[in-house]
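Q: Sequence and predicted structure below; questions after.
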Amino acid sequence: MVMHKKAATGYLPAGSVVAERIEAAYPELSQALQTFADYVLSEPIRIAQMSINETVEATGVSVATANRFARKLGFDGYAQFRAEVIRGFESIFEPVERLKTTLSKGSTVEEAVLASFEEDLRNLNETMQGLDAARIVQAVDMILGARNIFILAFDNAAALANVLSHRLEVAGHYARTIDNGGGMLSASRALSHYDEKDLIIAIAFPRYMRETVELAAAAQRRSIPILAVTDNQTSPLARLGTLTLYVRARRTFSSTSDTAILAMLEALAAGVAAKTPSAADGAQKFADFAYPWLITPEGR
């Protein structure tokens, strides 16, 4: 019996259709097809940019093998396979293209600043219009009913997680975040102690961090409840949430609008405080303890 190696981890975007199909099909692929699969996983951007002839020259396989590989993954042929690879990178490169377009128009600093404010206001308005009150109440109840809370967020979202953690703690609900300097192993170590009585609040927006999605998927397999905060139903995080909250977070000068995301997290914390009778007492205790280090403006 021939033992097949497992597909390499690769660098396709989180939730990529191509990555998922390669993982499922890899053990049954021939050696030549596994070689091609390894190249796709390790160099997906080159695959997206090269023609089939350039790709087979780089991988050392034949055109027939490349087409056979595409069909093994369920595509009609190589062209459809490559189109799906390209589509997987749209959310990653879209912010770059938007920025290039904006800069090419020669906007002044004042125009760029005002446009940024207007964009955030649109995001906030659209998020409010799409808000499901019953879903927010359910999210608050998940937080209130959790034995332990872990906020799962990397990169830019990690800063937002710290704000949410602080707001929840003020309301009397401690929420752990990923330790400074910690990565997947640090988060995994903490989450290994969690079960169905606990809660993970996972935050991920374009460009979605693979670590967030993979850890959320691992938590889902362990039946740990997940409150997901993301941008839309196509997000790789959306399908992992026990409950998912959506935020309109489009931005021209970066991949996402942190303003809109932070507003949702602040609103969520406000809802928790409103349903926590002891929240006011906790805030008072903090104020009494921290008073010596708080500066009051003169004349007040």
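A: Nice, thanks for sending it over.
Q: From here on, just use CA atoms for contacts and neighbour counts.
A: OK.
Q: S30 - how many residues pack around it?
A: 12 (other C-alpha atoms under 10 Å).
Q: Point out where the stretch 1-150 of the chain drops to low pLDDT.
A: Within the stretch 1-150 of the chain, the segments meeting pLDDT under 70 span 1-15, 90-107.
Q: mind listing the strands for it?
A: 149-152 (DSSP state E, counting those that start in this stretch).
Q: Remind me what the helix or strand containing D288 packs against, helices and strands.
A: Per DSSP states H and E: D288 is located in helix 279-290. Here helix 279-290 touches helix 156-170, going by 3 or more C-alpha pairs under 8 Å, 6 or more residues apart in numbering; DSSP states H and E.
Q: I'd like to know the average pLDDT value across the helix it packs on.
A: Taken as a whole, helix 156-170 has a mean pLDDT of 92.
Q: quick one: the next helix or strand after it to chain centroid distance?
A: Moving toward the C-terminus from helix 156-170, the next helix or strand (DSSP H and E) is strand 176-177. Strand 176-177 sits 17 Å away from the centroid of its parent chain (C-alpha atoms, centre = their mean, to the nearest Å).
Q: next one: stretch 249-264
A: 13 Å.
Q: Straight-line length of it, end to end?
A: 11 Å (C-alpha to C-alpha, to the nearest Å).
Q: What average pLDDT does it get?
A: 82.
Q: same deal with stretch 204-220?
A: For stretch 204-220, the per-residue pLDDT averages 90.
Q: Pull the CA coordinates from it and hand them back as CSV.
A: C-alpha atoms of stretch 204-220 as CSV (Å, rounded to 0.1, in the frame of the first residue of the first chain):
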residue,chain,number,x,y,z
ALA,A,204,-11.5,38.9,11.3
PHE,A,205,-11.9,41.3,8.3
PRO,A,206,-10.3,41.6,4.9
ARG,A,207,-7.5,40.7,4.8
TYR,A,208,-8.6,37.7,6.8
MET,A,209,-5.8,36.4,9.1
ARG,A,210,-5.3,32.6,8.5
GLU,A,211,-4.5,32.2,12.2
THR,A,212,-7.9,33.5,13.3
VAL,A,213,-9.8,31.3,10.9
GLU,A,214,-7.8,28.2,11.7
LEU,A,215,-8.1,28.6,15.5
ALA,A,216,-11.8,29.3,15.2
ALA,A,217,-12.2,26.2,13.1
ALA,A,218,-10.4,24.2,15.8
ALA,A,219,-12.6,25.6,18.5
GLN,A,220,-15.7,24.8,16.5
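Q: Show me which positions of it end up buried.
A: By neighbour count on 16 or more other C-alpha atoms under 10 Å, the buried set for stretch 204-220 is 204-220.
Q: With stretch 116-126 instead?
A: Result for stretch 116-126 [16+ other C-alpha under 10 Å]: buried residues 116, 119-120, 122-124.
Q: which one of these is nearest D258?
A: Nearest to D258 among the buried residues of stretch 116-126, counting by C-alpha to C-alpha, is D120 at 8.8 Å.
Q: my guess is that closest one contacts I261, does it?
A: No - using C-alpha atoms under 8 Å, D120 is not in contact with I261, being 10.1 Å away.
Q: what sits in contact with each of the two?
A: Residues touching both D120 and I261 comprise A249, with contact defined as C-alpha atoms under 8 Å, 6 or more residues apart in numbering.
Q: And E169, how close does it get to A267?
A: E169 is 15 Å from A267, by C-alpha to C-alpha.
Q: before we move on, what about L160?
A: 13 Å.
Q: Between the two, which is the more surrounded one?
A: L160 (22 against 14).
Q: which residue packs closest to that one, ignoring adjacent ones?
A: Closest residue to L160 in three dimensions, ignoring its sequence neighbours and counting by C-alpha to C-alpha, 6 or more residues apart in numbering: L262, at 6.3 Å.
Q: Can you give the contact residues for the host helix or strand of that neighbour?
A: Using DSSP H and E, L262 falls within helix 258-274. The contact list for helix 258-274 (C-alpha under 8 Å, 6+ apart) reads 120, 123-124, 127, 136-137, 139-141, 143-144, 160, 164, 167-168, 171, 247-249, 279.
Q: my guess is I143 meets I149, correct?
A: Yes - shown here, I143 and I149 form a contact pair, counting by C-alpha under 8 Å, at 7.4 Å.
Q: Can you pull the residues that touch both of those two?
A: L199.
Q: Could I get the buried residue list for stretch 274-285?
A: Using 16+ other C-alpha under 10 Å as the test for burial, stretch 274-285 gives A279.
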